[in-house]
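*Asks:* Return a 3D structure for these sequence lines:
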Amino acid sequence: MSAIEVYLAAMTESTPPHPVLEEYYQVADDRQSFVGELFDGAARYYNHIGRMLDLGSGPWYRRQALQRAGLRRGMRLLDVATGTGLVARGAVEILGDPRGVIGVDPSGGMLREARTALMGPLVRGRGEALPFRDDTFDMLSMGFALRHVPDLEIAFCEYRRVLKPGGRVLLLEVSRPPSRVSRWLIQTHFQHVLPLLTRLSTRSEPAQLLMKYYWDTIDRCVSPETILDVLRRNGFVDVDRRVFFGCLSEYVARKPGR
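*Replies:* The predicted structure follows:
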């Protein structure tokens with residue numbers, strides 16, 4: 001599939017990651033402003049919440065996921081929706097060069113937090129309109145933020161555009177568990193336990209709301225099969241999904257070579 005064909009397909013198809021969540025915003029056009037304000041407000045507490053969420057295992061898991069996807073020294077990686085730079089930090093450890101990782105995120109608050117731990121370039125921007133030239137990066141990563149883009153078709157078209165021929169994409173996500181018991185446990189954790197711990201430790205309303213919003217986007221997200229299909233439809237090959245602990249999904253795909 002040519003670049004023009006991929007672009008036209010992305011323009012004619014539309015696949016939001018989840019429907020409008022009216023308890024948070026009323027129409028699809030309000031999604032980005034709501035998400036932006038939410039992450040800006042919770043930015044200073046984000047790493048603290050993350051440690052409560054993954055019990056300290058996050059850095060190890062992110063490094064392993066990047067290595068499984070093929071990241072190695074000498075590559076150049078774009079980390080989309082870098083947030084506070086958690087995935088980017090793992091990539092820097094693998095590459096051994098902070099200049100080899102560029103982080104991009106729409107939230108100024110999250111980028112300010114990322115700057116405290118990253119020496120490499122950080123750019124304010126959105127995944128659906130990346131401010132980079134075609135065929136620039138060896139790998140593109142996105143850590144637990146796919147649910148926040150407006151349209152998977154447009155985002156994946158952009159990801160393919162900025163990757164070099166043969167470049168790989170790695171999308172980390174929390175998927176809704178298949179069993180009722182697992183789903184109930186994770187829902188209780190996100191909507192009750194984590195907000196309570198966050199309220200006690202931060203007193204931040206945006207941070208508490210973020211955890212509740214997280215679960216609703218996970219619960220209402222399109223199926224993994226849909227994500228895989230949209231990747232293929234936008235010109236990616238070798239598309240696959242690896243699942244860990246029943247809910248951690250690693251979507252991997254490759255841009256065809258010349």
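*Asks:* contacts, neighbours, all on C-alpha from now
*Replies:* Will do.
*Asks:* And stretch 73-84, end to end?
*Replies:* This stretch, stretch 73-84, spans 23 Å end to end (C-alpha to C-alpha, to the nearest Å).
*Asks:* and it, which residues are buried?
*Replies:* 75-84 (16 or more other C-alpha atoms under 10 Å).
*Asks:* Narrow those to those in strands?
*Replies:* 77-80 (DSSP state E).
*Asks:* E250 should be in a strand, yeah?
*Replies:* Yes. Under DSSP: H, G, I helix; E, B strand; the rest coil, E250 sits within a strand.
*Asks:* shouldn't it be in contact with L170?
*Replies:* Yes. The pair E250 and L170 qualifies as a contact (C-alpha atoms under 8 Å) at a distance of 6.7 Å.
*Asks:* Quick one: the strands in the stretch 51-200 of the chain, in order.
*Replies:* Counting by DSSP state E, counting those that start in this stretch, one finds strands in the stretch 51-200 of the chain at the ranges 77-80, 101-105, 122-124, 137-143, 163-174.
*Asks:* by contact count, what packs against the second one?
*Replies:* Just to be clear, that refers to strand 101-105. strand 77-80, helix 86-95, strand 122-124 (3 or more C-alpha pairs under 8 Å, 6 or more residues apart in numbering; DSSP states H and E).
*Asks:* Please apply the same query to the shortest one.
*Replies:* Contacts defined by 3+ C-alpha pairs under 8 Å, 6+ apart place strand 122-124 against strand 101-105, helix 108-115.
*Asks:* ok, 7 Å please
*Replies:* Packed against strand 122-124 by the contact rule (3 or more C-alpha pairs under 7 Å, 6 or more residues apart in numbering; DSSP states H and E) you find strand 101-105.
*Asks:* Partner strands of the strand it packs on and their direction?
*Replies:* With DSSP bridges as the test, strand 101-105 is paired with strand 77-80 (parallel), strand 122-124 (parallel).
*Asks:* Report the distance from stretch 38-47 to the chain centre.
*Replies:* The chain centre lies 15 Å from the centre of stretch 38-47; the measure is C-alpha atoms, centre = their mean, to the nearest Å.
*Asks:* With stretch 125-133 instead?
*Replies:* That offset, for stretch 125-133, works out to 14 Å (C-alpha atoms, centre = their mean).
*Asks:* Run me through the strand neighbours of the helix or strand V239 falls within, direction for each.
*Replies:* According to DSSP states H and E, V239 maps onto strand 237-244. Strand 237-244 has the following strand partners under DSSP bridges: strand 248-254 (antiparallel).
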